[in-house]
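Asks: Quick one: sequence plus predicted model below, questions after.
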Amino acid sequence: MESEKYFNMAAIRLPQEKKAGMDLKFNELFELFCLLDGFETGGAEPLVSVLQTGRALRADEAVKNFTREELLGCMTDSDGGYIAAPKTLG
């Protein structure tokens with residue numbers, strides 16, 4: 001079973017009855033990717049980019065709401081203007 005190789009790589013365990021038609025489905029997907037791979041896309045602009053989403057809901061404006069003293073006053077343990085916090089690593 002060809003799909004067994006992919007299940008092992010992804011550490012997926014399925015009952016045998018669930019695996020029955022997977023080889024055919026994997027082959028169909030592989031053929032679709034091969035078809036897509038044949039298209040010339042050089043010079044085409046991407047439709048979506050993680051860098052330019054244009055979906056900002058508000059302007060990012062820095063606003064000072066609290067003074068340093070107010071924030072340090074909420075700390076349970078501080079020393080000379082520094083916050084004493086428990087270790088988070090190691």
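Replies: Thanks, I have it.
Asks: ok, now how distant is residue 38 from residue 82?
Replies: Using C-beta to C-beta, to the nearest Å, one gets 60 Å for the distance from residue 38 to residue 82. Just so you know, the C-beta spots here come from the backbone N, C-alpha and C atoms, and that holds for glycine as well.
Asks: Could you list the low-pLDDT ranges of this protein?
Replies: Residues of the chain that meet the criterion pLDDT under 70 lie in 1-2, 49-56, 78-81, 89-90.
Asks: neighbour-wise, which of residue 38 and residue 82 wins?
Replies: Remark: of residue 38 and residue 82, residue 82 carries more neighbours, 10 against 7, as counted by other C-beta atoms under 10 Å.
Asks: Show me what that one bridges to in the sheet.
Replies: Following DSSP bridges, residue 82 is listed with bridge partners residue 79.
Asks: Relative to residue 68, how far out is it?
Replies: Looking at residue 82 against residue 68, where the rule is C-beta to C-beta, the gap reads 11 Å.
Asks: was I right about residue 84 contacting residue 77?
Replies: Yes: the pair residue 84 and residue 77 passes the contact test of C-beta atoms under 8 Å, sitting 4.2 Å apart.
Asks: Let's verify residue 42: helix, strand, or coil?
Replies: Taking DSSP: H, G, I helix; E, B strand; the rest coil as the rule, one finds residue 42 in the coil state.
Asks: what's the distance between residue 17 and residue 40?
Replies: 42 Å.
Asks: Correction: the previous question concerned residue 85.
Replies: If you go by C-beta to C-beta, the gap between residue 85 and residue 40 works out to 55 Å.
Asks: what about those two, which has more around it?
Replies: Each of residue 85 and residue 40 had its neighbours counted (other C-beta under 10 Å), and the higher figure belongs to residue 85 (10 against 6).
Asks: Skipping adjacent residues, who's closest to that one in space?
Replies: For residue 85, the nearest residue in space outside its immediate sequence neighbours is residue 77; the separation is 8.0 Å by C-beta to C-beta, 6 or more residues apart in numbering.
Asks: and that neighbour, how many residues sit next to it?
Replies: Neighbour number of residue 77 under other C-beta under 10 Å is 9.
Asks: Please apply the same query to residue 26.
Replies: For residue 26, the count of nearby residues is 15 (other C-beta under 10 Å).
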